[in-house]
Structure formats: structure tokens, C-alpha cells
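# Using only what follows, build the 3D model:
(2 chains)
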Amino acid sequence: MKNLINRRGFLQGGLAGAAAATVSLARPSQGATFEGYPESLGVLVDLSRCVGCRSCEAACNQEQHLPAPEKPFNDFSVFDELEHGQKRRTDETRYTVVNRYEIPGREHPLFRKIQCNHCQEPACLTSCFVNAYTKTPEGAVIYNPDVCVGCRTCMIACPFYIPTFRYTSAFHPRIMKCVFCYDTRLAKGLPPACVEACPQEALTFGRRTDLLEVGRQRIRENAGAYVDHIYGEHEAGGTAWMYLSPAPFEQVGFDTSVPKEPILNFVKDFLSIVPMVLAIWPALFAGFHLLAKRKEKKEQQKTNEGEV
Amino acid sequence: MKSNPKAVIAAAVLLLAGVLCPGTPSFAMDRLEAPETVTIDTLAHLYQPVQFSHKRHTQLTGCKDCHHHTTGQQDRDPNCMRCHAQSTEASKVGCKECHSKKQFYPEQLSDARSPRLYHIDKPGLKGAYHLNCVLCHEQMNGPTGCEGCHALTVKGKQFFRVNEKAAPAMTKSSHAN
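Residues are numbered from 1 along each chain as shown, chains lettered A, B, ... in the order given. Take a look at the predicted model:
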């Protein structure tokens, strides 16, 4: 047994090697953070301006050829609707929804428009194993139904609960979500339909960097009128759609617990190990197996020699 | 009573000019000489033009509340005073003279980065009307609903899908509380 390393030593060495490989392979992924396309476009939503006219909902419906709603868009009784105790959400018939929030201490309610926020590093995109999602340089997160397998992981991955599924169509099921009017407008440098429809200019369209400037200026020049925060500047690693609010964000239905870094960061290190595990572990354990067998074989030989 | 036909025509032209060209300045900006009615139709598409009772509004609020510094009244907003403390009447006072009908193009915001330009966050024409009108209407108990000021056009009714029945498969009444 003079040339054989013992089992314990081999396992220890093997594990140490695997750990070293893991650390060295995981490290480069942390350096590869993406800060968004420099000229990407976005929208700044100023909640203090929105009056809940629902023009954006109507414009979206028309632009995206969505089915007729249950109630017309100038019917404001929808603000009282609750589904399963929750305010209205995006679904396969509507990519954007305006909800009303009564704020204690404020004379007038606030209205919040929701739609896809078009994250800089979208969780839906990173969760999709067939690459059905694309973040375009213009800033839109678009979806390709031709490659989608309908696993709906993106619906779970989205921190804002935006992508929805067209369950009503047996033959053309697909994810339904706001695409920033990419093919019809954004790719041509035009603002999305909802922005153009807004009478109050509650929605400001422009380059994301410019919008941050505008947002900060509004906060600075209207002292006390806004919460000193632009929701979406850092939330989920930064989003193309950002919000200004005169009331604390959590009172207007925002999830303030959304992490300030891309959702991807929480799984990046783990995901970078996956290919390594797939490549190294079979070889590693095959090696263990062969060594164990070899030792057995040698011992078998020895006993056989002794018998003879 | 016999009236001079030339005078009648001249008066009609003047009246028409006052109605159709809200931007036309009167020489001495005085609320008594403000046009009686202004038809706001530049943006009319989904909604009918607004017959704006201009004179009535001059009795409710100051010229500067809509025209800022252009009518010779001093705007007391300290932010505006920095440059416009000495501003006199402008040759054009209509909203659309400063507030662009074409809104929301990325270049607008980039142009605004120019240090020589102060009006960085200037709303477009549609925003200028609504931001100013709605805010004041809320405070003064004026109409605040969309159709309180302008009725929907046929196109507008299509846009808001008024009088349309939703396809049965798409209704969500079974989920409604």
C-alpha cells in the first residue's frame, strides 16, 4: 500500500480543490455588473400630477390591440374594484392599470399607474431559460412568444408582479406584458402611447439619465412637495420607469422592500457554479469510484496471491 | 338704427381675431380688454374644443396665474423673480407661443441641459393647460372631471371604448368581489 494515498486524504484534497475552483470561478462574475445601456430611454412618473383619468389605459389598449374592457375607460368606478382583496393588477387584457390610494392627511387621493418597469437587469430575462426576453439598447424589455415554452418562471421572478399569462387562449397561450411600445414607437424614438395620452404630463419621457436630473430638480425646487427619493433609480438594480411621490412610497402601494440591486445578483454566484458542477463533479466522482475500485482490486489480488 | 357697414365688419373682424387668436396681444394688458372667449382647439382630437370663458376667468384670478410674466404683471414666485422681476409685456402671450405642442422627445430634455436655458422642466402645451387648469379648479371647486370642460368626440368615444361590450371570455366578473 506504499503508493496509495488513503481515502480520507484523497477526499480532503478533492474537496479543497473543488472549493478553490468554486471560489476562483465565482469571482469574475461579480465584476461583470451591467449598469444599463448609456442612451437608454425611460419614463418618470410624477404621482403628484396624476388625476386618474385613465387615458393611459385607453391609449395602451388601442396601441396594443387589446380586447375591449369590461367597463369603458372613462368609468371611474373601477377604482373601487378589489380582486381577492387586492387593487387592480395587470392581466392579459391590460398592460397598464391606474389605482387610487387614499392617503391619510391628504385632501386628494393619489393615483399610481403600474406597468412593466423595464428593469436595467430584468429578473424575468435572467430567469428565462429559453431567452424569450431581450433588454433592448433603447431600454425596453421585450418578449418573443415564438420561443417561449410557457413555464411562467418570469411571472414568479418579477419583483413587481407584472408579466401575466394568456390562459384564455388554448392555441396561442403566451406571456402578456407591457413592451414599452417597442416595435411601434420606441424603436423609432417615439414616446409610448400612454405617455403621449397623458393630459397632465404626469409621465415624462426621455433618456434615463436626463429623467433622473429632472426628478432631482423637481424634488429640490419644490421643497417638501415630494419624498426625497426616486423609486426605480436603484430598486431592482434600476428601472427605466421611475416614480416621484408626494407621499411615502409604501402608502401608494409600492413595495419598498425590493432590493436595491439586480435580482440576478442573488443567484449570480450560485448560477456560475452550475456549469462547473456539471463539468467537474462527474469526473471527480468517477475518479473516487475508480480509485476505490482499484484499491479493492489490489486487495482482491493480494488475497488471491495469498491463497495460491 | 342705421349702422356703418364698415364699422360692423371691422368690429366683427376684431371680435373674430380676439376669439381665434388667443395669442394676439392687446396693447395695454388690462383685464378689461381681455378677449371674452377663447376657443382652445389646437389639440382638439379626442375631445371637442374648449370654449374658454376668458373674461370670466380674469375676474376669478390674476393674468399672471396663467400668463406668468408675459402680461406685465409681476409673478411673485421667487423662482421666476430671479430673472423676470423686471419683465414687461411680451409681444405674444398665447400659451402655445412658449409651450410646445410637440412634447416628450428625448432631445427636449437634452436641450434642457444647456446652462443658458433655465426653463428645464417646462411642460408641453397639453400639460401646461391641464396642470394649471386642474389644480386651480380643484382649489376653486371648478369642474375637475375630463368632460366637465370638454365633451368627448366620436373618436374620443372610440378611444375610451364607451358603449362597447367586452367579449364574454375576457370579462372577469367571476373574480370581482
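
# contacts, neighbours, all on C-alpha from now
Noted.

# Please enumerate the helices of chain A.
Here chain A has its helices, by DSSP state H, at A:7-31, A:55-63, A:123-127, A:153-157, A:193-197, A:208-221, A:265-307.

# Just put these in CSV and tack on mean neighbour count and distance to chain B.
CSV is the format used below for the helices of chain A (neighbours: other Cα atoms under 10 Å in any protein chain shown; distance: least, Cα to the nearest Cα, whole Å):
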stretch, mean neighbour count, distance to chain B
helix A:7-31, 13, 31
helix A:55-63, 22, 5
helix A:123-127, 23, 25
helix A:153-157, 19, 20
helix A:193-197, 22, 8
helix A:208-221, 18, 6
helix A:265-307, 13, 31
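
# how about the ones you listed, which one is nearest residue B:162?
Across the helices of chain A, residue B:162 has its closest neighbour in helix A:55-63 (10.5 Å, Cα to Cα).

# on contacts alone, who are the packing partners of the closest one?
helix A:193-197, helix B:154-159 (3 or more Cα pairs under 8 Å, 6 or more residues apart in numbering or on different chains; DSSP states H and E).

# Distance to residue A:224 for the ones you listed - can I get that in JSON lines?
Below are these laid out as JSON lines (distance: least, Cα to Cα, whole Å):
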{"stretch": "helix A:193-197", "distance to residue A:224": "26"}
{"stretch": "helix B:154-159", "distance to residue A:224": "37"}
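
# Indicate which one of those is closest to residue A:53.
For residue A:53, the closest of those is helix A:193-197, at 10.2 Å, according to Cα to Cα.

# Put the alpha carbons of that closest one into PDB.
Once non-C-alpha atoms are left out, helix A:193-197 reads as follows in PDB (Å, rounded to 0.1, in the frame of the first residue of the first chain):
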ATOM      1  CA  ALA A 193     -48.700  55.600 -26.300                       C
ATOM      2  CA  CYS A 194     -49.600  56.100 -22.600                       C
ATOM      3  CA  VAL A 195     -47.100  58.900 -22.300                       C
ATOM      4  CA  GLU A 196     -48.500  60.800 -25.300                       C
ATOM      5  CA  ALA A 197     -52.000  60.400 -24.000                       C
END
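
# Now it: average pLDDT?
Here helix A:193-197 scores 95 as its mean pLDDT.

# and if you look at stretch A:63-77?
Averaged over stretch A:63-77, pLDDT sits at 95.

# ends of that stretch, how far apart?
One end of stretch A:63-77 to the other measures 24 Å (Cα to Cα, to the nearest Å).

# now that stretch, how far from the chain's geometric center?
Offset of stretch A:63-77 from its chain centre (Cα atoms, centre = their mean, to the nearest Å): 27 Å.

# Show the pLDDT at residue 3.
By default, I'm working from chain A. pLDDT, residue A:3: 55.

# The intended chain is chain B.
Residue B:3 is given a pLDDT of 49.

# Next secondary structure after the lowest-mean-pLDDT helix or strand in chain B?
Ranked by mean pLDDT, DSSP states H and E, the weakest helix or strand in chain B is helix B:5-20, scoring a mean of 49. Reading on from helix B:5-20 to the C-terminus, the next helix or strand found by DSSP states H and E is strand B:38-40.

# Tell me which residue of chain A lies closest to chain B.
Using Cα to the nearest Cα, the closest approach of chain A to chain B is made by residue A:206 at 4.3 Å.

# I figured that residue was touching residue A:138, is that so?
No. Using Cα atoms under 8 Å, residue A:206 is not in contact with residue A:138, being 10.6 Å away.

# Quick one: low-confidence residue ranges for chain B.
B:1-32, B:104-118, B:165-177 (pLDDT under 70).

# Just list the residues touching residue 52, thanks.
Answering for chain A, as no chain was given. With contact taken as Cα atoms under 8 Å, 6 or more residues apart in numbering or on different chains, residue A:52 is in contact with A:98, A:99, A:100, A:111, A:112.

# meant chain B, my bad for not saying
Contacts for residue B:52 (Cα under 8 Å, 6+ apart) come out as B:37, B:38, B:39, B:40.

# Quickly list what it is bridged to.
For residue B:52, the beta-bridge partners are residue B:38 (DSSP bridges).

# Tell me the spacing between it and chain A.
From residue B:52 across to chain A, the span is 17 Å (Cα to the nearest Cα, to the nearest Å).

# where in chain A is pLDDT low?
Residues of chain A that meet the cut-off, pLDDT under 70, sit at A:1-5, A:10-11, A:14-33, A:307-308.

# Now do residue A:124 against residue A:264, distance only.
Computed with Cα to Cα, the distance linking residue A:124 and residue A:264 is 10 Å.

# Residue A:157 and residue A:127 touch, don't they?
Yes. Counting by Cα under 8 Å, residue A:157 touches residue A:127, with 6.5 Å between them.

# Sweet, I'm off.
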